[in-house]
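Undergrad: The sequence isn't on hand, but the structure is:
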């Protein structure tokens, strides 16, 4: 029986041509390809079946067809590391700077000078970038700033990274697309209204025509005392700016309980993301303005109703409606 020398392969069904020869012999390889039992999606790559390729098989086949030292990157690496919700995307291969870029239709191939152990898993197969690097690359390729932000948030929510890891990668990526919003997102993931300069929210409040609020106000609810980022007690309106998108369940439960307690107590609470404060200013302004107007009108009506009730109790007359 012919002894096959052990070779390193990333997927049992996807082999380089040399690996296929070492495992199965040149004659068997030629026969399977000629009969259509196996297939060759890229030059020098063999797939040991004739059915549709899975996303992983496609990515590995594309990788094997690229120059030595290439790795999977971006969303291809993220999917292998367990990230979900990425949808159907073309394989993404990173090749070393200076390497010849092969023509691979349907495959995203980019050069990179940073493919050391800080960026690439040293022992995972198929070789791929670490999650923090993968997320930053995928976010920089996003079609919009909002999509870039969402990519980083989802990566943290799914447990692939912590904000500090993203913070270490960002300075190494140079002037990549969406760099500003990615830097803001990392700050947001680390912490709430402290990540938003106070003057930014104050400017929006002023532009909305509201008076200055009480900041970090201690307010009383039916179930205790709570702090609000901004409070207008004269109309029963408060606002909170949220930047931490991945919370421990116990902390999030506390936030919901606080919100419910204040609402039951008759107070309206507006919630904004720190992204909205920075990037969706017209929406924040219009929401603040509408809420302020509503509470002024509601307060006036409430005062009128109270006056009518007092007049009725004292024997006075009230106007017909």
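TA: Sure thing, it's come through. Everything numeric in this text was worked out from a predicted model, so none of it was measured.

Undergrad: which residues does residue 124 contact?
TA: Residue 124 sits next to residue 80 when contact means C-beta atoms under 8 Å, 6 or more residues apart in numbering. (C-beta placed from N, C-alpha, C; glycine too.)

Undergrad: any idea how far residue 162 is from it?
TA: Residue 124 sits at a distance of 19 Å from residue 162 (criterion: C-beta to C-beta, to the nearest Å).

Undergrad: same check, this time on residue 171
TA: 17 Å.

Undergrad: same check, this time on residue 126
TA: Residue 126 sits 25 Å away from residue 162, going by C-beta to C-beta.

Undergrad: Quickly list what residue 39 is bridged to.
TA: For residue 39, the beta-bridge assignment (DSSP bridges) gives partners residue 47.

Undergrad: That one contacts residue 32, doesn't it?
TA: No: under the criterion of C-beta atoms under 8 Å, residue 39 is not in contact with residue 32, lying 9.1 Å apart.

Undergrad: Can you list the residue ranges for strands in the stretch 101-250 of the chain?
TA: For the stretch 101-250 of the chain, the strands defined by DSSP state E, counting those that start in this stretch cover 108-112, 214-221, 224-232, 237-242.

Undergrad: pLDDT averaged over stretch 162-169 - what is it?
TA: Mean pLDDT, stretch 162-169: 93.

Undergrad: what distance separates that stretch from the centre of its chain?
TA: 13 Å (C-alpha atoms, centre = their mean, to the nearest Å).

Undergrad: wait, is residue 294 part of a helix?
TA: Yes: Residue 294 forms part of a helix when assessed by DSSP: H, G, I helix; E, B strand; the rest coil.

Undergrad: Neighbours of it, how many?
TA: Burial measure for residue 294: 13 neighbouring residues, criterion other C-beta atoms under 10 Å.

Undergrad: pLDDT at it, what is it?
TA: Residue 294 is assigned a pLDDT of 89 by the prediction.

Undergrad: which stretches of the chain have low pLDDT?
TA: 1-10, 191-198, 220-225, 243-265, 299-321 (pLDDT under 70).

Undergrad: Skip the chain neighbours and tell me the closest residue to residue 210.
TA: What sits nearest to residue 210 in space, not counting adjacent residues and going by C-beta to C-beta, 6 or more residues apart in numbering, is residue 292, at 5.1 Å.

Undergrad: Surely that neighbour touches residue 235?
TA: Yes: counting by C-beta under 8 Å, residue 292 touches residue 235, with 7.1 Å between them.

Undergrad: those helices in the chain, which residues are they?
TA: 17-24, 26-34, 55-64, 74-80, 131-140, 145-157, 163-169, 179-191, 198-207, 249-264, 274-279, 281-313 (DSSP state H).

Undergrad: Same list as before, these that is, but in JSON lines and with distance to residue 108 included.
TA: Below are the helices of the chain laid out as JSON lines (distance: least, C-beta to C-beta, whole Å):
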{"stretch": "helix 17-24", "distance to residue 108": "23"}
{"stretch": "helix 26-34", "distance to residue 108": "27"}
{"stretch": "helix 55-64", "distance to residue 108": "9"}
{"stretch": "helix 74-80", "distance to residue 108": "7"}
{"stretch": "helix 131-140", "distance to residue 108": "10"}
{"stretch": "helix 145-157", "distance to residue 108": "15"}
{"stretch": "helix 163-169", "distance to residue 108": "19"}
{"stretch": "helix 179-191", "distance to residue 108": "19"}
{"stretch": "helix 198-207", "distance to residue 108": "36"}
{"stretch": "helix 249-264", "distance to residue 108": "36"}
{"stretch": "helix 274-279", "distance to residue 108": "27"}
{"stretch": "helix 281-313", "distance to residue 108": "33"}
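
Undergrad: right, and those helices - which one's nearest residue 95?
TA: Nearest to residue 95 among the helices of the chain is helix 55-64 (9.8 Å), distances taken as C-beta to C-beta.

Undergrad: Correct me if wrong: residue 289 contacts residue 209.
TA: Yes: counting by C-beta under 8 Å, residue 289 touches residue 209, with 6.0 Å between them.

Undergrad: Comparing those two, which shows the higher neighbour count?
TA: residue 289 (14 against 11).

Undergrad: Check the gap between the closest residue in space to residue 142 that isn't next to it in sequence and residue 104 for me.
TA: Spatial nearest neighbour of residue 142, excluding adjacent residues (C-beta to C-beta, 6+ apart): residue 148 at 4.0 Å. According to C-beta to C-beta, residue 148 and residue 104 sit 25 Å apart.

Undergrad: Can you point out the buried residues in stretch 279-296?
TA: 279, 284, 285, 287, 288, 291, 292, 295 (16 or more other C-beta atoms under 10 Å).

Undergrad: List of residues touching it?
TA: Under C-beta under 8 Å, 6+ apart, the answer for stretch 279-296 is 145-146, 181, 204-205, 207-210, 232, 235-237, 239, 268, 270, 272, 276-277.
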